[in-house]
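Colleague: sequence unknown, structure follows:
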């Protein structure tokens, strides 16, 4: 196989290598992994090697892991989705850098808002909306919390949305000319569309918000107790088994030092009046 | 549920204390159980080897205004904690 190039990508000390066979394949890998790339270093131990192959013959797109074919087809989005999930798995499994939380993260002032939630909970859409209001996008999927401060280490990838979110996203972002990677089930947006001045950051979490959409619900933000917050956060804790006692002490320490809220909303229109009390600089016309 | 009955905490659970609340976490099952203030008090008294009757008496004395509801609340809390595997009936 022709292998004109490769990238090493990683997160919190665990790495994989991705090879590509053409400029088109390189563009796809760059779109997906630009913010996860590290300089190629022969001394870095990589956990897996993936091959992205784009050829004019059928099937047009291939994703391989050694002899194993992970994707074969025509949809760039499907290949990208499959590859990013492989990278997430390889960089998180047995990673003891810190607790990994299934959460979106956006930077606000000098700190960071965490939006924990499982897939399909609407955190990517809310994250994109908050980024469009001036928060700095960090991730829509996963963070590792580490250090005594503690700091947030975001898994920064393109914003990944379900197909049904397109109408909502179009209400605050013009998707017509955006370089979107789209498939039948969803689409990926380069986060630099919303963060023109992106730079990697490891802020301290200042708010943890469990957000949930409920059709017709009035926007409401309720402070949870630390125990309630810890209970909910444990459900989003990805690598618990890596740590002694499942690292419950780490999660407890986080919620004892960071206020936790439950945000219920029935659409973005009602959010500014509620969120302006907490993030006045994002909603200057609502505050005061 | 007899007043003389005692219940003991399931040792599989790790305890994390938060002010007036407790989170119990089972390592083998990877499940967390959140105890609100009432459940937390009942669980704590069971932990101190108090019987159902002793717990009821103590809480009736401590909260005389809620006296009428105490028995029902204690039995309901213990039943729920037993169902969740947090408390186990003590032998003897």
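Modeller: Noted; the coordinates are in hand. Given the structure is predicted, the values throughout are model-derived calculations rather than measurements.
Colleague: buried sites along stretch A:206-214?
Modeller: Neighbour-count burial for stretch A:206-214 flags A:206, A:207, A:208, A:209, A:210, A:211, A:213 (criterion: 16 or more other Cβ atoms under 10 Å in any protein chain shown). Quick note: C-beta positions are derived from backbone N, CA and C, even for glycine.
Colleague: An error on my part: the question was meant for stretch B:15-30.
Modeller: Per 16+ other Cβ under 10 Å, stretch B:15-30 contains these buried residues: B:16, B:18, B:21, B:22, B:23, B:24, B:25, B:26.
Colleague: if we can go back for a sec, looking at the buried residues of stretch A:206-214, which are in strands?
Modeller: Taking DSSP state E, the ones among those that sit in strands are A:206, A:207, A:208, A:209, A:210, A:211, A:213.
Colleague: Pipe these into a markdown table and attach pLDDT and distance to chain B per row.
Modeller: Converted to a markdown table, these look like this (pLDDT from 0 to 100; distance: Cβ to the nearest Cβ, whole Å):
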| residue | pLDDT | distance to chain B |
| --- | --- | --- |
| A:206 | 96 | 19 |
| A:207 | 97 | 18 |
| A:208 | 98 | 14 |
| A:209 | 98 | 18 |
| A:210 | 97 | 14 |
| A:211 | 96 | 20 |
| A:213 | 90 | 23 |
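Colleague: Show the overlap between the buried residues of stretch B:15-30 and what lies near chain A.
Modeller: Near chain A, taking Cβ under 8 Å from any Cβ of the partner chain as the test, the members of these found are B:16, B:18, B:21, B:22, B:23, B:25.
Colleague: May I have the predicted confidence score for residue 46?
Modeller: No chain in the question, so chain A it is. On the pLDDT scale, residue A:46 is placed at 94.
Colleague: my bad, the chain I had in mind was chain B
Modeller: Reported pLDDT at residue B:46 in the predicted model: 95.
Colleague: For the nearest residue to it once chain neighbours are set aside, give me its contacts.
Modeller: Nearest non-adjacent residue to residue B:46, counting by Cβ to Cβ, 6 or more residues apart in numbering or on different chains: residue B:7, 4.6 Å away. Residues near residue B:7 by Cβ atoms under 8 Å, 6 or more residues apart in numbering or on different chains: B:46, B:52, B:78, B:81, B:82, B:87, B:88, B:89, B:90.
Colleague: Residue B:7 and chain A, how far apart?
Modeller: Here residue B:7 is placed at a distance of 21 Å from chain A (Cβ to the nearest Cβ, to the nearest Å).
Colleague: picking that back up, tell me which two of the buried residues of stretch A:206-214 sit farthest apart.
Modeller: Pairwise distances across those (Cβ to Cβ) peak at 23.1 Å, for the pair A:206 and A:213.
Colleague: List the ones among the buried residues of stretch B:15-30 that fall in strands.
Modeller: Within the buried residues of stretch B:15-30, residues falling in strands by DSSP E are B:16, B:18, B:21, B:22, B:23, B:24, B:25, B:26.
Colleague: Please verify my assumption that the last one contacts residue B:11.
Modeller: Pointing back at residue B:26 there. No: here residue B:26 does not reach residue B:11: they are 10.2 Å apart, not a contact under Cβ atoms under 8 Å.
Colleague: and residue A:165, helix, strand or coil?
Modeller: The local conformation at residue A:165, judged by DSSP: H, G, I helix; E, B strand; the rest coil, is helix.
Colleague: Which residues are in contact with it?
Modeller: A:124, A:125, A:186.
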